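Visitor: One predicted model, sequence on top.
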Amino acid sequence: MSSKGGIVTFEGHRNFRLRLIISTLAGKPIKINKIRSNDVNPGLKDHEVSFLRLLESVTNGSHIEISYTGTTIIFRPGIIIGGEITHNCPNTKTVGYFIEPMLYLAPFSKNKFSIIFKGITTSERSKDATPESIKWGLIPLMEKFGVREVSLYILKRGSAPIGGGEVHLLCNSLIPQPLTIHALDVPKFSAIRGVSYSTRVSPSMVNRMIDGARNVLRPTGVEVNITADVWRGENSGKSPGFGICLVAESKKGWRIVAEGVGAAGGLPEDIGETVAYQLLEEISRSGIVGMSQLQLVLIYMTIGKEDVGRFKIANSQIDEEFIWLLRDIKELFGTEVFIKEEDENYSLLSVKGIGFTSVSKKIA
Amino acid sequence: MRCNILVSKTSIKNMSEDDDYIKALEIQRRNFEAQFGSIETLGYEDKSKSASNGIKDIDSSEEEEEEDNFEGFQSGEESEDYSSSSSEDDESYSNGSAQVKSEVIRPKVFKLNDPNESNKAPMVSKRERKLLKSGRAPTLAEIEKKEELARKQTKKQLLKAGKDDGENIENDLKLQRLLDESHILANSLQYSGADLTLQTIDYEDPTGNARKRALDSRLRKLAAVNSSSEGLPKKLENMPMSMRKGMIRSRDMKVAKFEKEAKEAGIVLSKVKKGELRDLKAGRGFTSSADRLGTGKKVTKVIRDRGLKIASIGRSTRNGLVIPQSQIDKINNQGRRSNSKGKGKGKRR
């Protein structure tokens, strides 16, 4: 990672989407080389190329140059336009892989984002967020930063391997920059809610998942309220599947999400239990938000006004991924975060915003 | 071989934890061997075979002890006490010792927790369905606010509806009396020492003319229930005809003048019914002037005109023509003969 003549260079396919997004927000061109150069199949994978296409369609004036072997790309970002787009996602990744980066760009675009993603909505093999966890975990977090009118509609579900799902992302609020938040107290979680969904399987699977999760969560003494969502017929996609997404919610609106998708031949009780345990572990490990949401928090805090925002994180959340994220932010935005250890479990993270304003609103 | 040593519960637990681990390893090994063939055939040395023989004796003895300690715990394939997951493992626990020796593949039995579990679809309430369809996930605070608002609305509606408002009005005696006596009370001048304001006029307890008139009107209202002239007197006051005529004439002229002037001035007056005259002195005075001159109301006769009584076939009712059986028989020359032979009350000559 170096900068030569104004272009910041990165190496490898790590944090691919994140780097492209940050470059778009910062307006700085980047170059990524040595992408899987030692791999059996070198170069960009088809979902990464699809993501580049998506990025091209939501922005105006962006240049993407991909080398012959596909191991190097140069990306010159344009301004974020948005509008009404339909994107067909490849079968290798779920739609969550594509939706998540759009959440960073949507509030700062010229026109409102209204994107329909078609493809696989849930898959047991992928580690990306499902539309459920985005709706329950990431979108409420954006509301904390001032982006209030984001909504994600699941028009059709599509489980792996064939898919056939459609998800509609709508972002109706366009703001110049996110708010500066000061979140200093670790919340106590007052309720656990969730959604347990299934496509093209017997409806009793959903009940069994809920039972499995409830059995684990009963000793906590918190109110557990899991909604059942059985999809039938046309809208349920082309393959059978089931999954569950649990959210622990506090009175102030902070949420921690854990989710899981059932594998073929698996018991729904098992997946219910596993996800419940995952949720409890996530709560014990995290501060105010979970690991999956921390990236969004950091980026939004960085692109705020020139004001210091504070956020409390758990010490266990400072791991390798976190450090890579901070490195990428420093490369492109030039800011560092200040982490001060408060007690043995928690630290206070302060970031000074870079004074970002969404340029797309002003320019034609 | 069975050890008769008394082992405390905690040590059983500790040993059984290791046991669990070893048993799990055994299961993995068995699965591997089932898929790829035994380890020896693959060309590796089976180190565990020599060590495992020693452990297995302790295994079996512990198991038997456990079986004795726990009542109702049956070895074999029925294991109802276990939780739903890892039922596959449970089945092999109980058969641990036996199965390692023989390579018999037994069918997997999954016994899940709730025997009364229904296989029905989950009941999703309307509110939950809306939540699922919506694009956002509302916070707890928002949901609470919405619910409170919904509850508040129904309370308001309850107050408004007021369990049959009409009935309440009907039953409200004071209100009815006030409505009826409004003219009387308005036209009476009731002084108190203080200023004449709405508060000082006593609506419930009038004095003087107003009192007499009010009592009179109440009595008439009660009498109207059973009278043919709705509470109005059947005979007017006796006076010379010329006096009566003069009073009626002057009244009519006054009413006509009043209405004409109002029409010219554009004042909208209260409506009067068809046959009636406008009552200009509505509540004033000792008695109502209608007692002497009569109101314009006409009381219709209740007896209905039946028409001329001409002999005809049958009766004309509102359901149509009713012809009694006797007349039908007469016309048809049938029916019971009035003079039967011999018996009966014939004319005796």
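Guide: Good, I have the coordinates.
Visitor: can you pull out the helices in the chain?
Guide: You didn't say which chain, so I picked chain A. Secondary structure of chain A, counting by DSSP state H: helices at A:16-26, A:46-58, A:96-105, A:131-133, A:139-144, A:204-217, A:268-285, A:291-302, A:320-333.
Visitor: To clarify, I was referring to chain B.
Guide: Assigned by DSSP H, the helices in chain B fall at B:9-36, B:39-42, B:48-69, B:87-94, B:96-101, B:126-133, B:140-161, B:165-171, B:173-187, B:209-223, B:241-265, B:290-293, B:325-332.
Visitor: Give me whichever of those is most buried.
Guide: Among those, helix B:87-94 has the highest mean neighbour count (mean count of other C-beta atoms under 10 Å in any protein chain shown), at a mean of 18. In short, each C-beta sits where N, CA and C put it, glycine included.
Visitor: Got the domain ranges for chain A?
Guide: Recorded structural domains for chain A (assignment: automatic domain parsing) are A:2-183+A:289-363, A:189-284.
Visitor: Please produce TSV containing the helices of chain B, extended by distance to chain A and mean pLDDT.
Guide: Listed next are those as TSV, based on distance: least, C-beta to the nearest C-beta, whole Å; pLDDT from 0 to 100:
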stretch	distance to chain A	mean pLDDT
helix B:9-36	15	75
helix B:39-42	26	72
helix B:48-69	25	47
helix B:87-94	9	43
helix B:96-101	22	45
helix B:126-133	5	82
helix B:140-161	6	78
helix B:165-171	40	74
helix B:173-187	50	85
helix B:209-223	62	89
helix B:241-265	61	93
helix B:290-293	72	82
helix B:325-332	70	90
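Visitor: Which among these is found nearest to residue A:49?
Guide: helix B:126-133 (33.5 Å; C-beta to C-beta).
Visitor: contacting residues for the residue in the stretch 101-250 of chain A that chain B sits nearest to?
Guide: Nearest residue of the stretch 101-250 of chain A to chain B: residue A:151, at 2.3 Å (C-beta to the nearest C-beta). Residue A:151 is in contact with A:139, A:169-170, A:172, B:134-136, counting by C-beta atoms under 8 Å, 6 or more residues apart in numbering or on different chains.
Visitor: Report the buried members of these.
Guide: A:139, A:169-170, B:135-136 (16 or more other C-beta atoms under 10 Å in any protein chain shown).
Visitor: Confidence-wise, which of these comes last?
Guide: Summarising pLDDT for those: the lowest-scoring member is residue B:135, with 79.
Visitor: nearest residue to that residue other than its sequence neighbours?
Guide: Of all residues beyond its chain neighbours, the one nearest residue B:135 is residue A:151 (2.3 Å), with distances taken as C-beta to C-beta, 6 or more residues apart in numbering or on different chains.
Visitor: Tell me how far the one you found lies from residue A:95.
Guide: To residue A:95, residue A:151 is 15 Å away according to C-beta to C-beta, to the nearest Å.
Visitor: and residue A:161, how far is that from residue A:284?
Guide: The value you get for residue A:161 to residue A:284, if C-beta to C-beta is used, is 34 Å.
Visitor: Just confirm residue A:349 contacts residue A:341, I think it does.
Guide: No - Residue A:349 is beyond contact range of residue A:341, at 10.4 Å (criterion: C-beta atoms under 8 Å).
Visitor: Show me which of the two is the more surrounded one.
Guide: Between residue A:349 and residue A:341, counted using other C-beta atoms under 10 Å in any protein chain shown, residue A:349 has the larger neighbour count: 24 against 11.
Visitor: give me every residue that touches the more buried one.
Guide: So residue A:349 contacts A:310-313, A:337-339 (C-beta under 8 Å, 6+ apart).
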